[in-house]
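Chemist: turn this into a structure:
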Amino acid sequence: MKHFIALVHKDEGSAFGVSFPDLPSAFSAVDREEDLIANAIEALRLWGVDEPMPSPSSYEEVTAREDVRAELAKGAFLVRIPVIEDDTRVVRANVTFEKGMLDAIDAAARERGLTRSAFLASAARKEIEAA
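Modeler: Okay, here's the model as predicted:
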């Protein structure tokens with residue numbers, strides 16, 4: 001899975017700003033720190049709609065940049081953000097679960113009005129975004 005390094009900065013009394021040194025026009029802002037990763041993933045996804053996704057720079061390449069080092073000196077920090085590309089292809093996968101777990105998955109999916117596949121895809125996306 002591809003990851004881009006994001007630069008997160010926050011001035012007193014403002015939202016968290018998220019930018020990507022490799023993707024100058026990709027950015028996000030969030031009020032709550034716990035929303036950083038999910039919003040940054042969405043910013044990458046939206047950027048990828050209009051532009052081909054380049055190869056991400058390494059941590060060493062990003063931290064060698066003068067502009068990044070200047071932001072870090074002012075209190076910004078770096079975060080790795082996974083790229084979850086939108087791909088409309090549907091692929092069949094065979095998975096194995098313990099019977100009780102499968103019953104719980106099916107019940108949770110029904111409660112939410114989802115198919116088993118949609119529920120599992122949603123749960124997987126949330127887990128990846130939270131990592």
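Chemist: for the chain, give me the ranges with low pLDDT.
Modeler: Counting by pLDDT under 70, the chain has low-confidence residues at 86-88, 131.
Chemist: contact partners of stretch 21-36?
Modeler: With contacts defined as Cβ atoms under 8 Å, 6 or more residues apart in numbering, stretch 21-36 is touched by 4-5, 7-8, 15-20, 39-40, 42-44, 46-47, 51, 54, 56-57, 62, 65, 67-68, 79. Any C-beta I mention is one placed from the backbone N, CA and C, and that applies to glycine too.
Chemist: just the buried residues of these.
Modeler: Buried by 16 or more other Cβ atoms under 10 Å: 4-5, 7-8, 16-20, 39-40, 43-44, 47, 56-57, 62, 68, out of the contacts of stretch 21-36.
Chemist: okay, and which of those map to strands?
Modeler: Of the positions in the buried ones among the contacts of stretch 21-36, 4, 5, 7, 8, 16, 17, 18, 19, 20 sit in strands, assigned by DSSP state E.
Chemist: Serialize the residues you listed to a markdown table and add fields for distance to residue 89.
Modeler: Formatted as a markdown table, those follow (distance: Cβ to Cβ, whole Å):
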| residue | distance to residue 89 |
| --- | --- |
| 4 | 23 |
| 5 | 28 |
| 7 | 32 |
| 8 | 32 |
| 16 | 34 |
| 17 | 34 |
| 18 | 29 |
| 19 | 31 |
| 20 | 26 |
